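In: whatever this is, show me its structure:
(one chain, ligands or ions: 2)
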Amino acid sequence: MATVECRGIRKVYGALEVMRDFDLDIDDHEFIVFLGPSGCGKSTMLRMIAGLEEISGGDLLIGGERMNERDPGDRGIAMVFQNYALYPHMSVRENITFGLERAGIGKAAIDQRLAPVVEALGLGVYLARKPTELSGGQQQRVAIARAMIKTPEVFLFDEPLSNLDAKLRGSLRVEIARLHRDLKTTSIYVTHDQLEAMTLADRIVLMKEGRIEQMGTPEEIYQSPDTLFAAGFIGTPTMNFLAMESTNGVLTDGAVQLGVPFAVRPGPVTIGIRPGAFKLNDQGGGLRGRVERNEFHGETRLVSIRVGTNEISVAVPAFLNVREGENIGLDADAQDLHLFDPVTEKRLHPVRER
Ligand SMILES: Nc1ncnc2c1ncn2[C@@H]1O[C@H](COP(=O)(O)OP(=O)(O)OP(=O)(O)O)[C@@H](O)[C@H]1O
Ligand SMILES: [Mg+2]
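Out: Ligands and ions are numbered 1, 2, ... in the order given. Modelled structure (predicted):
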């Protein structure tokens, strides 16, 4: 097992710079998730760590040793891809052990390493089958087994679950979390699915346009997003954003006023409030609006409420009887407001203590 250090890593394709100033220290045993929208550079960064893509600038250290020019096979890593890339003509067993055979490891030693891997991933009954005789989830488990049997220092996963249906994704996500709990191998996991990131990560590295936007535990980023982008990317349903003006210690959009228990510099302010942070309240105060839409989500309803020129999503318990067209009052605790500068898109007020 090993640490991974990225020091000012860059990537250029000709004149196009797709990654810049990437600085990250990953601790031994840590489970790191690279999260971000399509094209932000997650795969590029992972492939540079794997040695599948040349590093244009900066230093990559694994276990304290510089790896920039080291062959992929000598970096102590194993990678699991989105498309499992299994050999169709080989059995499950051969697919898992092929790499070890090619490395000249003897049959007895291979069998010894195979047993716990097969056990951990529940693949025992499938060993003689061909990949085409497996479901997508089973094929991806074979791909994970093939990576695991290498007993790498670092696991790299690039969207390993995105070809699977929602239910399988959920169950395999649990298996990956359990494997990491048992093996504790340092892991980097790429996804654009914020739920996967929240549930798996010790720390999330949120990326945007080839750089790190924010880094922290899922709780830290969820509770104190540094930027509008981080606030909007993490959390479902998505945070509401309201344009307001800060004057004389009060936030107002002309129609409504909100008091906040800390000083906010005068000028335009974007207020972020998560749909679950609202309370319906008809006792006056807070915001008022008209119910436009009411979606039943099972445990909750997601209610769209038009407040002035803004449409706000509010998550309420499903048993509450909210009717479309109804006028309704809303409140939120001041500690659940996130204030941003609309120009710099940076958080305006200090990180909350919880
Ligand atoms: N060979 C290449 N030549 C030029 N540009 C490239 C090349 N490979 C990737 N890029 C660009 O680098 C950027 C990052 O791509 P990358 O594949 O790392 O994104 P990603 O975050 O993994 O996205 P996704 O979620 O869609 O997989 C993109 O803008 C992409 O167009
Ligand atoms: Mg990618």
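
In: next SSE after the longest helix anywhere in the chain?
Out: If you go by DSSP state H, the chain has its longest helix at helix 166-183. Per DSSP states H and E, the first helix or strand lying C-terminal to helix 166-183 is strand 186-191.

In: in that next one, which residues are buried?
Out: Within strand 186-191, the residues that count as buried by 16 or more other CB atoms under 10 Å are Thr186, Ser187, Ile188, Tyr189, Val190, Thr191. The C-beta positions use only the backbone N, C-alpha and C, and glycine is treated the same way.

In: enumerate the residues of the stretch 101-250 of the chain near ligand 1.
Out: For the stretch 101-250 of the chain, the residues in contact with ligand 1 (CB under 6 Å from any ligand atom) are His192.

In: hey, where'd the strands end up in the stretch 101-250 of the chain?
Out: 154-158, 186-191, 203-208, 211-216, 240-247, 250-252 (DSSP state E, counting those that start in this stretch).

In: what's the one helix or strand in the chain whose mean pLDDT sits lowest in contact with?
Out: In the chain, the helix or strand scored least confidently by mean pLDDT, DSSP states H and E is strand 257-259, which has a mean of 76. Residues outside strand 257-259 that contact it (CB atoms under 8 Å, 6 or more residues apart in numbering): Met244, Gly249, Val250, Leu251, Thr252, Ile271, Gly286, Ala334, Leu337.

In: mind listing what's buried in it?
Out: Applying 16+ other CB under 10 Å to strand 257-259 flags Leu258 as buried.

In: which among the contacts of strand 257-259 gets closest to ligand 1?
Out: Nearest to ligand 1 among the contacts of strand 257-259: Ile271, at 29.6 Å, using CB to the nearest ligand atom.

In: does the closest one really touch Leu337, like I thought?
Out: Yes: if you go by CB atoms under 8 Å, Ile271 and Leu337 touch, sitting 5.7 Å apart.

In: which residues does stretch 260-274 contact?
Out: Residues outside stretch 260-274 that contact it (CB under 8 Å, 6+ apart) are 225, 228, 231-232, 235, 239-249, 251, 258, 312, 332, 334, 336-343, 348-350.

In: then stretch 79-91?
Out: With CB under 8 Å, 6+ apart as the test, stretch 79-91 has contacts from 46, 50, 52, 94-95, 98, 127-132, 139-140, 142-144, 146-147, 155-160, 162-163.

In: pull out the buried residues from those.
Out: Neighbour-count burial (16+ other CB under 10 Å) applied to those gives 46, 50, 95, 98, 127, 130-131, 139-140, 142-144, 146-147, 155-160, 163.
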